[in-house]
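**Q** the sequence isn't on hand, but the structure is:
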DNA sequence: AAAATTAATGAACAGTGTTAACTTTTTCAA
DNA sequence: TTGAAAAAGTTAACACTGTTCATTAATTTT
């Protein structure tokens, strides 16, 4: 019986173990397959126990959502040291794409899926989106720094930042959803679609560079 | 009893009626709420009857997916008449965004959701994506025409087209998923997010224009 | 009219999120 | 140490989901 053992094994921070089980299921089997009952089986508890630690499924999914943003911010850490604003902007874009490529499930959860967004629309109001805010603020500041160096002349900082985000997000979203792959299979006959993202990104960088 | 009546009312093209019921549910209540049982109730038939006309739920969803692409291509029809390639490219972008704004559910189905994409990965192989192909081919040709007029010098047609698509898709995806709204609420304090898309699009057009 | 084919259905399987009522375990004061 | 209060966990159930199989009803053909 595993019932006796698991009481000896740290029964504290059960909340954390629920989240880890959810993450494991989410990364190996996807969002749909991450059910309350499977999480419960994973941690050897009754399904209803989970509701003592998380309000509902959205609550668990949102916890993973937040974890994703912490991971992303951590991967952006080295960019702080990049002196040149424009080099920093380019590196930010590359880093963002790299995150989506290495953690496609997290990327989808953070920037594509509606569920976590609807959750924080309903429940918590203020403390919610602050991780995402910090990431966007960093982009905003970098664009401002670029403008100080003569880039993006006559353009609004917010609009430039939004366009940059949308462009890179568009590439990542088409990649993680499989639309890029399907499209390229039909139009170009099965090419390397990761390479295509790199090429499209180079075109974007070319545009940005030309504003100086 | 409605059972007697519906036999008198056209019992032919039941396949079409299933699709219309599915569309109605999809547009009013969303993808998740579009269940086989609800479709069945809508057309006053047993749930199992639906399986005599469609392979499974994905099959129905993919039929809507195709319908969306026909709608989109129809909305692109007037663009054929635009003489100037660059004006046509700009109009294409505006038209694309307009489609996403007026048919957000269809846009999500066509360009965001994984389900229809996974469906045609498994089942049909050739005839599948041809509607989407036509749309992208039109973009490719328009970019080529722009290059003949001196735009996008030294850049690869495919890469320019892909970057343009990704940029505009990024804006639309962030809009329909609600991420733009949430982000702007926190960062800029609840501004008009439809206006923001327009502004970001203007920045993109500025970049494209600068290549001449 | 009887047989064969087609169309439609009812019941069931294996899942899902979630809640209410109940039981077990732990805590803590008398 | 015992007994009550509080906390933790579980069982059973509700209302759904997609999907399949065996069976019935309707239609067509012989």
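**A** Cool, the structure landed. Note that the structure is predicted; figures quoted are calculated from it, not measured.
**Q** what does chain A put close to DNA strand C?
**A** A:7, A:33-38, A:47-48, A:51, A:56-58 (Cβ under 7 Å from any atom of the strand). (C-beta placed from N, C-alpha, C; glycine too.)
**Q** so which of the residues you listed are in strands?
**A** In strands, defined here by DSSP state E, there are no members of those.
**Q** sticking with the closest residue to residue A:107 other than its chain neighbours, tell me its helix or strand.
**A** Of all residues not flanking residue A:107 in the chain, residue A:100 sits nearest, at 4.2 Å (Cβ to Cβ, 6 or more residues apart in numbering or on different chains). Following DSSP states H and E, one finds residue A:100 within helix A:85-102.
**Q** check residue A:190 too.
**A** If you go by DSSP H and E, residue A:190 is not part of any helix or strand.
**Q** OK, contacts around the closest residue in space to it that isn't next to it in sequence?
**A** Once flanking residues are discounted, residue A:190 sits nearest to residue A:184: 7.0 Å by Cβ to Cβ, 6+ apart. Neighbouring residues of residue A:184 by Cβ atoms under 8 Å, 6 or more residues apart in numbering or on different chains: A:190-191, A:193, A:196.
**Q** among the residues you listed, which ones are buried?
**A** A:193, A:196 (16 or more other Cβ atoms under 10 Å in any protein chain shown).
**Q** now the contacts of residue A:184 in CSV, with pLDDT?
**A** Output for these, formatted as CSV (pLDDT from 0 to 100):
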residue, pLDDT
A:190, 71
A:191, 77
A:193, 90
A:196, 97
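**Q** in a markdown table, list the contacts of residue A:184 along with distance to residue B:129.
**A** As requested, these are exported to a markdown table (distance: Cβ to Cβ, whole Å):
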| residue | distance to residue B:129 |
| --- | --- |
| A:190 | 13 |
| A:191 | 15 |
| A:193 | 14 |
| A:196 | 16 |
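**Q** residue A:148 contacts residue A:85, doesn't it?
**A** Yes - with contact defined as Cβ atoms under 8 Å, residue A:148 counts as touching residue A:85 (7.2 Å).
**Q** which of the two has more residues huddled nearby?
**A** For residue A:148 versus residue A:85, the count of surrounding residues by other Cβ atoms under 10 Å in any protein chain shown is larger for residue A:85: 18 against 9.
**Q** and the more buried one, how close does it get to residue A:79?
**A** The spacing between residue A:85 and residue A:79, counted by Cβ to Cβ, to the nearest Å, is 11 Å.
**Q** the closest residue to chain B within chain A - nearest residue in space that isn't next to it in sequence?
**A** Using Cβ to the nearest Cβ, the closest approach of chain A to chain B is made by residue A:170 at 2.8 Å. Spatial nearest neighbour of residue A:170, excluding adjacent residues (Cβ to Cβ, 6+ apart): residue B:170 at 2.8 Å.
**Q** again with residue A:202
**A** Closest residue to residue A:202 apart from its sequence neighbours, by Cβ to Cβ, 6+ apart: residue B:159 at 7.1 Å.
**Q** count the residues that sit near residue A:146.
**A** Neighbour count of residue A:146, defined by other Cβ under 10 Å: 22.
**Q** and it, what is it in contact with?
**A** By Cβ under 8 Å, 6+ apart, the contact list for residue A:146 reads A:85-86, A:89, A:152.
**Q** so which bits of the strand or helix carrying it are buried?
**A** Following DSSP H and E, one finds residue A:146 within helix A:130-148. For helix A:130-148, the neighbour count (16+ other Cβ under 10 Å) marks A:131-133, A:135-136, A:138-140, A:142-143, A:146-147 as buried.
**Q** adding pLDDT, write those residues out as TSV.
**A** Below are the buried residues of helix A:130-148 laid out as TSV (pLDDT from 0 to 100):
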residue	pLDDT
A:131	80
A:132	82
A:133	87
A:135	90
A:136	94
A:138	95
A:139	97
A:140	97
A:142	98
A:143	98
A:146	98
A:147	98
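**Q** for the residues you listed, which one is nearest residue A:205?
**A** The nearest member of the buried residues of helix A:130-148 to residue A:205, counting by Cβ to Cβ, is residue A:146 at 12.2 Å.
**Q** show me the contacts for the closest residue to that closest one other than its chain neighbours.
**A** Among residues not flanking residue A:146 along the chain, residue A:85 sits closest, at 4.5 Å (Cβ to Cβ, 6+ apart). Contact partners of residue A:85, counting by Cβ under 8 Å, 6+ apart, are A:142, A:145-146, A:148-149, A:151.
**Q** would you quantify the distance from residue A:85 to DNA strand D?
**A** Distance from residue A:85 to DNA strand D, counting by Cβ to the nearest atom of the strand, to the nearest Å: 50 Å.
**Q** quick one: pLDDT of that residue?
**A** Per-residue confidence (pLDDT) for residue A:85: 98.
**Q** also the one 5 residues further on?
**A** pLDDT recorded at residue A:90 is 98.
**Q** the nearest residue to it once chain neighbours are set aside: what secondary structure?
**A** Nearest non-adjacent residue to residue A:90, counting by Cβ to Cβ, 6+ apart: residue A:205, 5.8 Å away. For residue A:205, the secondary structure call by DSSP: H, G, I helix; E, B strand; the rest coil comes out as helix.
**Q** what of residue A:83?
**A** Three-state call for residue A:83 (three-state DSSP): coil.
**Q** count of neighbours near it?
**A** By other Cβ under 10 Å, 6 other residues sit near residue A:83.
**Q** next one: residue A:192
**A** 11.
**Q** measure it to residue A:180 for me?
**A** Going from residue A:192 to residue A:180 by Cβ to Cβ gives 11 Å.
**Q** stretch A:36-47: how far from the chain's middle?
**A** How far stretch A:36-47 lies from its chain's middle: 26 Å, per Cα atoms, centre = their mean, to the nearest Å.
**Q** could you list the buried residues of it?
**A** When burial is assessed from 16+ other Cβ under 10 Å, stretch A:36-47 yields the following buried residues: A:36, A:39-40, A:43-45.
**Q** and these, which of them are in helices?
**A** For the buried residues of stretch A:36-47, membership in helices holds for A:36, A:39-40, A:43, with DSSP state H as the criterion.
**Q** which one of those is nearest to DNA strand D?
**A** Closest approach to DNA strand D among these (Cβ to the nearest atom of the strand): residue A:40, at 7.5 Å.
**Q** center of chain A, which residue is that?
**A** residue A:107 (3.4 Å; Cα atoms, centre = their mean).
**Q** that residue and residue A:97 touch, don't they?
**A** No - checked against Cβ under 8 Å, the pair residue A:107 and residue A:97 is beyond contact range at 9.8 Å.
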